[in-house]
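Sharing a model prediction with you, sequence too.
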Amino acid sequence: MARYIGPKTKIARRFKDPIYGPDKYFEKKNFPPGMHGNSKRRNKQSEYGIQLAEKQKAKYTYGILERQFRNLFEKAAKAHGITGEVLLQYIEARLDNVVYRLGIAPTRSAARQLVGHRHITVNGRVVNIPSYRLRPGDIIAVREKSKSLEAITDSLAGRGQQFSWLEWDNTMMTGKFMNLPPREEIPENIREQLIVELYSK
């Protein structure tokens, strides 16, 4: 499946936000790429352009393709609750994202690779689909023969922010997806209402 594997700082500069995490090159040039990147003339954007940029930013942040993203939006639109918040909750419930949030992998792309290479189990069985949607009560674990992998142990050693909607047992290398995350606990700087407005046109 197609994935963006190009320069990440360039994408972060496009959105003026370090969406892939701390980046010294972004800090050095935190304006859009290109010869007119620092020009005020580029700041004029239509309403549609602003909405489209927000959707693209969310897609790049979570590493989701257009069709998957639209499918998630359509499911969120049919669900109870505020569509934008439900959309982000559905994205956060993806297996690759939860593996990243638990600290098993340092980035979402690394988490996607761990899942694809069959290092992760859900409720005791191997799941190699990064977009697999978790439900409250699901148990996510590192496969027994993968627990000594250097990439996993290094990532767990540097675990950062912890979330109330996830539980982690470091000795067993297992986590529990407690519930869908409340919007205020999703740290990504995404204005989901703009995405809803874009798809509602």
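Perfect, thanks for sending it.

Could you list the domains of the chain?
Taking automatic domain parsing as the reference, the chain has its domains at 8-90+190-199, 94-179.

Check the separation of the first and last residues in the longest one.
Put plainly, it is domain 8-90+190-199. Its start and end residues considered, domain 8-90+190-199 measures 26 Å (C-alpha to C-alpha, to the nearest Å).

Chain neighbours aside, what residue packs nearest to the residue nearest the centre of the chain?
Centrality entry for the chain: nearest residue to the mean C-alpha point is Tyr62, 3.1 Å, by C-alpha atoms, centre = their mean. If the residues on either side of it in the chain are set aside, Tyr62 comes closest to Ile91, at 5.4 Å by C-beta to C-beta, 6 or more residues apart in numbering. In this view, the C-beta of every residue, glycine as well, is placed from N, C-alpha and C.

how close does the one you found get to Gly124?
Ile91 sits 25 Å away from Gly124, taking C-beta to C-beta, to the nearest Å as the criterion.

With Gly63 instead?
Relative to Gly124, Gly63 is positioned 26 Å away (C-beta to C-beta).

next one: stretch 92-112 to chain centre, how far?
7 Å (C-alpha atoms, centre = their mean, to the nearest Å).

what comes up buried for it?
Applying a neighbour-count criterion of 16 or more other C-beta atoms under 10 Å, one finds 92-106, 108-112 buried in stretch 92-112.

Quick check, pLDDT for the residue nearest to Tyr62.
We note a pLDDT of 97 for Ile91 in this prediction.

what sits against it?
When contacts are counted by C-beta atoms under 8 Å, 6 or more residues apart in numbering, Ile91 touches 58, 62, 64, 72, 97.

Contact partners for the second one?
Think Tyr62. Under the criterion of C-beta under 8 Å, 6+ apart, the neighbours of Tyr62 are 91, 94, 97, 108.

one more time with 7 Å, if that's ok
The neighbourhood of Tyr62, defined by C-beta atoms under 7 Å, 6 or more residues apart in numbering, consists of 91, 97, 108.

same thing with the third one?
Contacts for Ile64 (C-beta under 7 Å, 6+ apart) come out as Ile91.

Could you find the closest non-adjacent residue to Gln113?
With sequence-adjacent residues excluded and distances taken as C-beta to C-beta, 6+ apart, Gln113 is closest to Ala105, at 7.7 Å.

wouldn't the one you found be in contact with Gly116 here?
No: under the criterion of C-beta atoms under 7 Å, Ala105 makes no contact with Gly116, lying 11.5 Å away.
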